[in-house]
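In: no sequence for this one, just the structure:
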């Protein structure tokens, strides 16, 4: 069966992608241990979610071993796409409003703020 072009992941699929981004490639059982108990999703439910992510082209599947191993495809691109969608839907497309809300919520550490400053400076240098 041919895979469809990338479609937007559901909230639960995003949680599974987060597990793969944080921990790397994993079997269904490993993903289930991390998400299944917390969310009340059974093993076959996690398997179906991973199959959906594979069909959407968001994960790749290694079938060379007995247990299939799933790995996120292009994590940076997917994260940018999700963030862009959030920025458009919640902040009317304003990156400054998104950053402002992050900073006002005091969720950013001083190290995060300094890194943001460096990124903005580097962006300005590249844009000239």
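Out: Arrived safely, thanks for sending. These numbers were taken from a predicted model, which means no experiment stands behind them. Numbering: from 1, shown residues only.

In: mind checking the backbone torsions on residue 60?
Out: phi -110, psi 160 (degrees, to the nearest 10).

In: Domain map for the chain?
Out: For the chain, whose domains are defined here by automatic domain parsing, the residue ranges read 11-73, 76-127.

In: Out of the ones you listed, which is the most enclosed?
Out: Most buried of these, by mean neighbour count (mean count of other Cβ atoms under 10 Å): domain 11-73, with a mean of 16. All C-beta spots, glycine's among them, are computed from the backbone N, C-alpha and C.

In: now the domains of the chain as JSON lines including mean pLDDT?
Out: Supplementary listing: the domains of the chain in JSON lines, determined by pLDDT from 0 to 100:
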{"stretch": "domain 11-73", "mean pLDDT": "91"}
{"stretch": "domain 76-127", "mean pLDDT": "89"}
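
In: For residue 120, give its distance to residue 114.
Out: Distance check for residue 120 against residue 114: by Cβ to Cβ, to the nearest Å, it reads 11 Å.

In: nope, residue 126 is what I meant
Out: Taking Cβ to Cβ as the criterion, residue 126 is separated from residue 114 by 19 Å.

In: same check, this time on residue 75
Out: For residue 75, the distance to residue 114 (Cβ to Cβ) stands at 24 Å.

In: same deal with residue 79?
Out: 21 Å.

In: for residue 66, same thing?
Out: Relative to residue 114, residue 66 is positioned 47 Å away (criterion: Cβ to Cβ).

In: and if you look at residue 64?
Out: Looking at residue 64 against residue 114, where the rule is Cβ to Cβ, the gap reads 44 Å.

In: Now do the strands for the protein: every range, in order, please.
Out: Per DSSP state E, the chain has strands spanning 26-27, 59-62, 69-72. These are given in chain order.
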